[in-house]
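> mind folding the following:
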Amino acid sequence: LTVAGSGTDTVLRGDGNGSVVHVRADRVALRDLRIEGVGDVGSRRSDRPAPVDWDTNVQLAYGYGDAAVVLDGSNGSVVSNVAIDTDASGVVVRGSDRSVLDNLTVRGAPTPREGFMGAILIGGRSVVQDSTFVDGRDGVYAHRADGSVIRDNRMTGGRYGVHEMYTSHTLVADNVVRGTLTGVIVMTQPTDNVVVGNDVRTSEYGVVPAGRDSLYANNVLVDNGYGLQVSGDGNAFVDNAVVGNDVGVRTTDILPSSWVLRNDVVGNGERVESEIGPLRTWSHRGVGNYWGPLPLVDADGDGVYDRGYQPTGAVDSRLGETPG
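The predicted structure follows:
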């Protein structure tokens with residue numbers, strides 16, 4: 001079944017109470033229209049008797065709030081070129097494997113506290129691409145949505161641009177995020193994620209990872225409070241540009257078990273903030289990171305400093321004795 005309009009002049013208008021479109025069949029397409037009149041309930045409390053574990057409770061609460069469109073067990077469905085105005089969620093994809101959200105425009109509530117998610121992916125792999133999410137709480141929220149692809153989207157305002165929970169084997173690529181609390185955040189110890197080519201600026205945090213065996217590469221993190229957080233087990237942070245942030249790189253794990261190589265960390269108020277754990281040595285076989293120029297003089301401009309760099313501070317002298 002395809003429900004097709006003629007663009008944003010075609011309006012499906014709900015009565016402000018609940019979700020507007022609820023799809024329960026496979027291979028349904030909804031395209032080329034606008035949806036208004038969504039209910040204002042972002043999340044619902046679980047009706048199950050206590051105790052309910054936190055993970056289940058979140059899935060029930062987030063996945064059953066009001067939305068413009070709910071894909072409910074509708075595998076292989078598509079929502080494309082749809083504009084949504086909502087104080088709750090835009091699209092909820094619940095147990096709908098191989099579904100695609102394409103070229104959406106979701107405008108949420110003016111503050112994260114008042115609003116909810118632009119797109120929610122729960123219990124199935126989906127693609128979210130070429131879409132715009134403005135305000136609300138999170139742009140795209142993925143919960144046990146292993147294998148999903150979130151690419152080429154723009155998120156402005158709100159709490160998180162891309163928010164992953166219990167979600168592994170996922171690609172988060174080439175998204176543009178502005179003015180959020182965090183551009184891309186990964187939680188609850190997932191594995192084998194790829195976060196590449198994202199551009200996060202004017203946010204409190206750029207990229208905040210978790211889990212293990214994941215790649216964070218070629219991201220551009222500029223003019224944020226914190227640019228890149230280094231955490232997790234066996235993750236690789238490679239070829240990121242971390243420029244003009246209050247703090248360039250922040251590390252929080254006790255054990256320095258990740259690779260941090262070939263990153264440009266330049267012009268930040270503070271290069272690195274390390275809260276806990278031992279000395280970090282971010283280099284391998286002579287390859288490290290670019291930290292900006294040393295505070296030395298090259299009077300004749302020959303590319304060689306006029307004297308050797310011999311730090312005298314307690315921390316700087318230790319760096320001089322350590323490879324990298």
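> end-to-end on stretch 260-267?
18 Å (Cα to Cα, to the nearest Å).
> regarding this structure, what is its longest helix?
Selection of the longest helix in the chain by residue count, based on DSSP state H, yields helix 54-63.
> ok, and for that one, which residues are buried?
57-60, 62-63 (16 or more other Cβ atoms under 10 Å). All C-beta atoms are positioned from the backbone trio N, CA, C, and that covers glycine.
> just stretch 199-209 next, same as before
For stretch 199-209, by 16+ other Cβ under 10 Å, it's 199-201, 203, 205-209.
> the residue nearest the centre of the chain: what secondary structure?
When Cα atoms, centre = their mean is applied to the chain, the residue found nearest the centroid is V184 (2.2 Å). Assigned with DSSP: H, G, I helix; E, B strand; the rest coil, V184 falls in the strand class.
> hmm, A173 and it touching each other?
No: the pair V184 / A173 is not scored as a contact, 10.3 Å apart, by Cβ atoms under 8 Å.
> and for the two, which residues touch both?
Shared contacts of V184 and A173 (Cβ atoms under 8 Å, 6 or more residues apart in numbering): 195, 198.
> in the protein, which spans are helices?
54-63, 314-320.
> weakest of the ones you listed by average pLDDT?
If those are sorted by mean pLDDT, helix 314-320 sits at the bottom with a mean of 63.
> spatially nearest residue to F116, not counting backbone neighbours?
G42 (3.2 Å; Cβ to Cβ, 6 or more residues apart in numbering).
> which ones are touching G39?
Contacts of G39 by Cβ under 8 Å, 6+ apart are 14, 16-19, 66, 88.
> what's in contact with stretch 247-255?
225-233, 242, 260, 263, 265-266, 268-277, 280.
> if we go to 6 Å?
226-231, 242, 265, 268, 270-277 (Cβ atoms under 6 Å, 6 or more residues apart in numbering).
> buried ones among the residues you listed?
226-231, 242, 265, 268, 271-273.
> low pLDDT regions in the stretch 1-150 of the chain?
Scanning the stretch 1-150 of the chain with the threshold set as pLDDT under 70 gives 45-52.
> got TSV for the buried residues of helix 54-63, with distance to R113 too?
Output for those, formatted as TSV (distance: Cβ to Cβ, whole Å):
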residue	distance to R113
N57	20
V58	18
Q59	22
L60	21
Y62	16
G63	20
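> ok, so of the residues you listed, who is nearest R178?
Y62 (24.1 Å; Cβ to Cβ).
> so how far is R13 from the closest one?
25 Å (Cβ to Cβ, to the nearest Å).
> so what sits opposite the residue nearest to G292 when sequence neighbours are not counted in the bridge?
Spatial nearest neighbour of G292, excluding adjacent residues (Cβ to Cβ, 6+ apart): V266 at 4.7 Å. Beta-bridge pairing for V266 (DSSP bridges): V243.
> quick check: V266 touching G244?
No: in terms of Cβ atoms under 6 Å, V266 does not count as a neighbour of G244; the distance is 8.0 Å.
> near D300, how many other residues are there?
8 (other Cβ atoms under 10 Å).
> for it, give me phi and psi.
Phi and psi for D300, reported as degrees, to the nearest 10, are phi -90, psi 0.
> format the buried ones among the contacts of stretch 247-255 as TSV; extra columns: pLDDT and distance to I120.
Shown next, in TSV, are the buried ones among the contacts of stretch 247-255 (pLDDT from 0 to 100; distance: Cβ to Cβ, whole Å):
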residue	pLDDT	distance to I120
Y226	98	26
G227	98	28
L228	98	26
Q229	96	24
V230	94	29
S231	91	25
V242	98	30
V265	96	34
N268	95	34
R271	91	37
V272	91	35
E273	90	33
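> low-confidence regions, the stretch 151-300 of the chain specifically.
In the stretch 151-300 of the chain (pLDDT under 70), the answer is 278-279, 294-296.
> which ones among the contacts of stretch 247-255 lie within strands?
226-230, 242, 265, 270-274 (DSSP state E).
> name the nearest of those residues relative to Q129.
L228 (24.3 Å).
> right, and that closest one touches A241 too?
No: L228 is not in contact with A241 according to Cβ under 6 Å; the separation is 9.6 Å.
> overlap of the contact sets of those two?
Counting by Cβ under 6 Å, 6+ apart, nothing touches both L228 and A241.
> good, wrapping up.
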